[in-house]
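J.: I need the structure of the sequence given here:
(one chain, ligands or ions: 1)
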Amino acid sequence: MSTLTLISQNQCFGGWHRRFRHHSDSVNGDMTFAVFLPPGCQPETPMPVLYWLSGLTCTDENFMQKAGAMRTAAELGLVLVAPDTSPRGSDVADDADYDLGQGAGFYLNATQAPWSQHYRMFDYVTEELPALIESQFPVTNLRSVSGHSMGGHGALVCGLKQPERYRSISAFSPISHPRQCPWGEKAFRHYLGDDQDSWKEWDSTELMSRASITLPTLVDQGLADEFLQQQLQPQHLQQAADMRGYPLTLRQHPGYDHSYYFIASFIEEHLRFHYQHLMA
Ligand SMILES: N[C@@H](CCC(=O)N[C@@H](CS)C(=O)NCC(=O)O)C(=O)O
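T.: Numbers count the residues shown, from 1 in each chain. Model (predicted):
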């Protein structure tokens, strides 16, 4: 088990926001994550965990600083964990564009050089990070997963591919059908190669249409989101859910855009949704 290096800590709503760096075997390099430990989170009173996966260009900091999640997490007794969106460093492959490389890991395991050397974010967020959190912090092994945009895609893919690991899934403005939108096509071509059959294993619309185990799933989408039509396509996810009979609740909100102002407006409902399923 790797050693955690504390980067910073802040008291918040009586609990603690802490950032850590550690060596990750999955990504073959260092990773950074943030954790919020509510007041009273102690070995005698372990708490369940919500994993948050952020979107393109983000680090672990965007969610913790902008979503306003900690007040409700403190009230409920829900630990929040927010990893960085990719491996980082001068030895990690990158691209000049914001939607590929560092800050754009897409929560998958890359198979193509040069990406395959470090870009194994799926293994990191579904296996290595929860194992680390559960060995180092006073938490239960009850987990849920949420995220935004690229991280909404990540949350859906994690929950759909590994439903036994999570109690519930939610997403804000997810990239719902990545193998058929510009962000996803570009990332999948680089990380997974030209064989488009391999892309289906990382596409939530595809995975939802043939899911054998289902999880309660909540998706919120702003209707003034500048990426809605071209990149996000939540209607494709809805069609897959209808076809499969998957328990998806897709809510559409007039006037809201793609930003953290939208997330901040509805995050409390997501936290309560997850808490209800974690404690059921
Ligand atoms: N930079 C890109 C979009 C990047 C973007 O919107 N990122 C979202 C996730 S997809 C985000 O959360 N940005 C960071 C923030 O708002 O704090 C553009 O302007 O087209």
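
J.: Contacts only, for the nearest residue to Gln136 once chain neighbours are set aside.
T.: Nearest-residue entry for Gln136: Leu4, 6.1 Å, with adjacent residues in sequence omitted and distances by C-beta to C-beta, 6 or more residues apart in numbering. (Glycine included, C-beta is placed from N, CA and C.) Contacts for Leu4 (C-beta atoms under 8 Å, 6 or more residues apart in numbering) come out as 20-22, 132, 136.

J.: just wondering, since we're on Leu4, how far is it from the ligand?
T.: Plainly put, Leu4 is 25 Å away from the ligand if you go by C-beta to the nearest ligand atom, to the nearest Å.

J.: Just the helices from the protein, written as ranges.
T.: 61-66, 70-76, 121-123, 129-136, 150-161, 182-192, 196-199, 204-209, 234-244, 260-278 (DSSP state H).

J.: highest average neighbour count across these?
T.: helix 150-161 (a mean of 29; mean count of other C-beta atoms under 10 Å).

J.: from the middle of its chain, how far away would it be?
T.: 6 Å (C-alpha atoms, centre = their mean, to the nearest Å).

J.: which other helices and strands contact it?
T.: For helix 150-161, the contact count by 3 or more C-beta pairs under 8 Å, 6 or more residues apart in numbering; DSSP states H and E identifies strand 47-53, helix 121-123, strand 139-148, strand 169-172, helix 204-209, strand 217-222 as packing neighbours.

J.: a markdown table for those, including distance to Leu228 and mean pLDDT?
T.: What follows is these, written out as a markdown table (distance: least, C-beta to C-beta, whole Å; pLDDT from 0 to 100):
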| stretch | distance to Leu228 | mean pLDDT |
| --- | --- | --- |
| strand 47-53 | 20 | 99 |
| helix 121-123 | 25 | 98 |
| strand 139-148 | 14 | 98 |
| strand 169-172 | 12 | 99 |
| helix 204-209 | 15 | 98 |
| strand 217-222 | 7 | 98 |
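
J.: so which of the ones you listed is the most packed in?
T.: strand 169-172 (a mean of 30).

J.: partners of that one, with directions?
T.: Applying DSSP bridges to the sheet, strand 169-172 is found paired with strand 139-148 (parallel), strand 217-222 (parallel).

J.: What score does Met1 have for pLDDT?
T.: Met1 is assigned a predicted lDDT (pLDDT) of 64.

J.: ok, now Tyr166?
T.: 98.

J.: could you list every residue that touches it?
T.: With contact set as C-beta under 8 Å, 6+ apart, Tyr166 has these partners: 143-145, 158-159, 215.

J.: one step back: can you tell which of the strands paired with strand 169-172 is closest to the ligand?
T.: strand 139-148 (5.9 Å; C-beta to the nearest ligand atom).
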